[in-house]
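Asker: Attaching a predicted model along with its sequence, questions to come.
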Amino acid sequence: MHAELLIHAEWILTVDPEDRQLTDHAIAIADGRIQALLPYEEARRTIQAEQTLELPGHVLIPGLINAHTHAAMTLLRGLADDLPLMTWLYQHIWPTEQRWVDADFVAAGTRLAVLEMLRGGVTCYNDMYFYPEVSAQVTAAAGMRALIGMILVDFPTRYAASPDEYIAKGLALHECYRDHPLIRVAWAPHAPYSVSDGPLQRVASLAHELGVPIHIHLHETRDEVEQAVQARGERPFARLDRLGLIGPALAAVHLTQLTDTEIARLAETGASVVHCPESNLKLASGFCPVARLLEAGVNVALGTDGAASNNDLNLLGEMRTAALLGKGVAGSAAAVPATEVLRMATINGARALGLDAEIGSIEPGKSADLVAVDLRDPHTQPIYHPISQLVYAAGRHQVRQVWIRGRQVIRDGAPTTLHLAEVLAEAQIWGRRIGG
Ligand SMILES: CSC[C@H]1O[C@@H](n2cnc3c(O)ncnc32)[C@H](O)[C@@H]1O
Ligand SMILES: [Zn+2]
């Protein structure tokens, strides 16, 4: 058998249905796909590889999937800290966005985000931001994978004047990225409090018609739910259900407020939850009941949220936070174990984004989206269980090699598709402009 690349890592965490953790195995890659996963000795005998990469002391994992972010908000990192959600959003972030966000802002901010995520082992992200056509273009040019949000809010911005215009621009984006190897699109209405019934209903039917996911913030805080109940006599979850949005295409972000009935409804409809523990902690938004969701059979993915509320796009760090917080919230050290957290950051993310046939695990036939993490640092030694070191001790600087569709986008910790100094210079110009 001929392969373009053979990777021999000391450990491989497949995240396949059996959660196989392999030692001394190799992965053969051809045409951007995982061609074979087999014992290294057998690979040496049966595979003629153009290149073989030896990775002693490394663990190889599927590319990490950041299932909720606002990539271009890297340019607003640290602008407004230590504030609760609604003060942060209405008094700081939205006025700043109204003033500064244009296509150039989104290009510079997305490039910075893509660079940060790739270096941290994130190979795919789910975005919700203005000028999505710009994010899509920047991401594809860097060889990264993304699900780009066709955004929708009731209020006018420089990007679009009305819900009709947001939807028309979304449809144009969908058309443009039909059959693209790296970019897919999703409907991304911002939240129940910022989008009214008519446009939400249109999103539900268009999502069904086009076969694309729906990405929305939901029940982020107790205030959000209480205010909706006061104003409309209905919880936002019930409203979305009535409007046809709760179903297998839904990736609902945050969900810090959930009744048992709502959890059962998520499980029964096959909807996904995207947990953003660090954003929830920083904005003091509340706690997503991850252990209860997992127990009920709900697909739970992991996201960083934007860099203005986290303040990084470090999914490896988010995995550790999710595990620790999940145990604290459940009152059980056995809750949200390391293997489950790795699933949340990979295959569950892929499922939430409708991409699980293509990415999320290391299995022959899937795209070669792979990450090698060097565990030979002092703080990840000795190694009894590589997954424990990965989730509880490793830092993102230990991500050394990253491939997307078989193309190496990070080599020895450095980007191959983006120019670090240029991306930083561009971000600093924006920082000076906004900071005055
Ligand atoms: C319509 S583009 C996305 C919109 O969402 C804002 N945003 C960023 N983080 C959050 C969050 O945690 N909750 C609600 N809204 C958020 C972002 O600033 C954009 O305006
Ligand atoms: Zn968000």
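Answerer: It's in. Ligands and ions are numbered 1, 2, ... in the order given.

Asker: Touching, residue 40 and residue 22? I think so.
Answerer: No: with contact defined as CB atoms under 8 Å, residue 40 does not reach residue 22; the gap is 9.8 Å. For the C-beta atoms, the positions are set from N, CA and C on the backbone; glycine is no exception.

Asker: Flag every residue of the chain that's near ligand 1.
Answerer: 70, 89, 93, 97, 128-130, 151, 153, 190-191, 217, 220, 279, 305-306, 309 (CB under 6 Å from any ligand atom).

Asker: Of these, which belong to strands?
Answerer: The members of the residues of the chain next to ligand 1 that map onto strands under DSSP state E are 151, 217.

Asker: Just the ones of the residues of the chain next to ligand 1 in helices?
Answerer: Using DSSP state H, the members of those that fall within helices are 97, 279.

Asker: Quick check: closest non-adjacent residue to the residue nearest in space to the middle of the chain.
Answerer: Residue closest to the average C-alpha location in the chain (CA atoms, centre = their mean): residue 66, at 1.5 Å. Residue nearest to residue 66 in three dimensions, not counting chain neighbours: residue 125, with 4.1 Å by CB to CB, 6 or more residues apart in numbering.

Asker: In the sheet, which strands lie alongside whatever helix or strand the one you found lives in, parallel or antiparallel?
Answerer: Assigned by DSSP states H and E, residue 125 belongs to strand 122-127. Applying DSSP bridges, strand 122-127 is found paired with strand 64-69 (parallel), strand 145-152 (parallel).

Asker: These into JSON lines, with extra columns for mean pLDDT?
Answerer: Listed next are the strands paired with strand 122-127 as JSON lines, based on pLDDT from 0 to 100:
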{"stretch": "strand 64-69", "mean pLDDT": "99"}
{"stretch": "strand 145-152", "mean pLDDT": "98"}
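
Asker: any idea which of the ones you listed is most buried?
Answerer: strand 64-69 (a mean of 30; mean count of other CB atoms under 10 Å).

Asker: Next, the contact list for residue 414, please.
Answerer: By CB atoms under 8 Å, 6 or more residues apart in numbering, the contact set of residue 414 is residue 420.

Asker: Tell me the pLDDT of it.
Answerer: Per-residue pLDDT puts residue 414 at 98.

Asker: Residue 189 too?
Answerer: 99.

Asker: Can you name the residues bridging to it?
Answerer: residue 152.

Asker: and it, what does it touch?
Answerer: Shown in contact with residue 189 (CB under 8 Å, 6+ apart): 151, 152, 153, 195, 199, 200, 203, 214, 216.

Asker: just residue 299 next, same as before
Answerer: Neighbouring residues of residue 299 by CB under 8 Å, 6+ apart: 270, 271, 272, 273, 348, 351, 352.

Asker: Which of those residues sits closest to ligand 1?
Answerer: Distance to ligand 1 across the contacts of residue 299 (CB to the nearest ligand atom) is lowest for residue 273, with 14.6 Å.
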